[in-house]
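Asks: sequence and predicted structure, then a few things I'm wondering about:
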Amino acid sequence: MEANADAVLRGITLYEAVALPLTTDGVSIGEQLLRRTIAYQLAGHEYLPRPVRVAAAEALEAIDQRQDRLQAQTAVRALARTVRECRTEKL
């Protein structure tokens, strides 16, 4: 379960990087769509703890809006915090 939560976090941060690039050239639309698809597949994994799924959905929604980089970063940080909290609850 922990590995799944970590994979979701990784997948979503990779999608964030291509959806909200720091340079104007960024990445191709094809790569953006591929990363988005992977992030959504990972976030929908049935074995994820519910809090991770909810935080992942919020992060994906914020990234998909592509309007507010700070909002997306805040949502991804919240996901990272949720993943960490799930790890510590298991100890």
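Replies: Thanks, I have the structure now.

Asks: every contact and neighbour count from this point should use C-alpha atoms.
Replies: Fine.

Asks: now do the helices in the chain.
Replies: Per DSSP state H, the chain carries helices over the ranges 2-19, 29-43, 50-65, 69-90.

Asks: so how far is Glu89 from the residue positioned nearest the centre of the chain?
Replies: Most central in the chain under Cα atoms, centre = their mean is Ile12, positioned 2.4 Å from the mean C-alpha point. Distance, Ile12 to Glu89, by Cα to Cα, to the nearest Å: 22 Å.

Asks: same check, this time on Ala75
Replies: 21 Å.

Asks: quick one: which of the two has more around it?
Replies: More neighbours sit around Ala75 than around the other of Ala75 and Glu89, counting by other Cα atoms under 10 Å; the figures are 21 against 7.

Asks: just checking, that one touches Ala62?
Replies: Yes: with contact defined as Cα atoms under 8 Å, Ala75 reaches Ala62; the gap is 6.8 Å.

Asks: quick one: low-confidence residue ranges for this protein.
Replies: By pLDDT under 70, the low-scoring segments of the chain are 1, 90-91.

Asks: how many neighbours does Arg69 have?
Replies: Residue crowding around Arg69 was assessed by other Cα under 10 Å; the count is 16.

Asks: for Thr24, same thing?
Replies: Burial of Thr24 is recorded as 7 neighbouring residues (other Cα under 10 Å).

Asks: please apply the same query to Leu34.
Replies: Residues contacting Leu34 under the criterion other Cα under 10 Å number 13.
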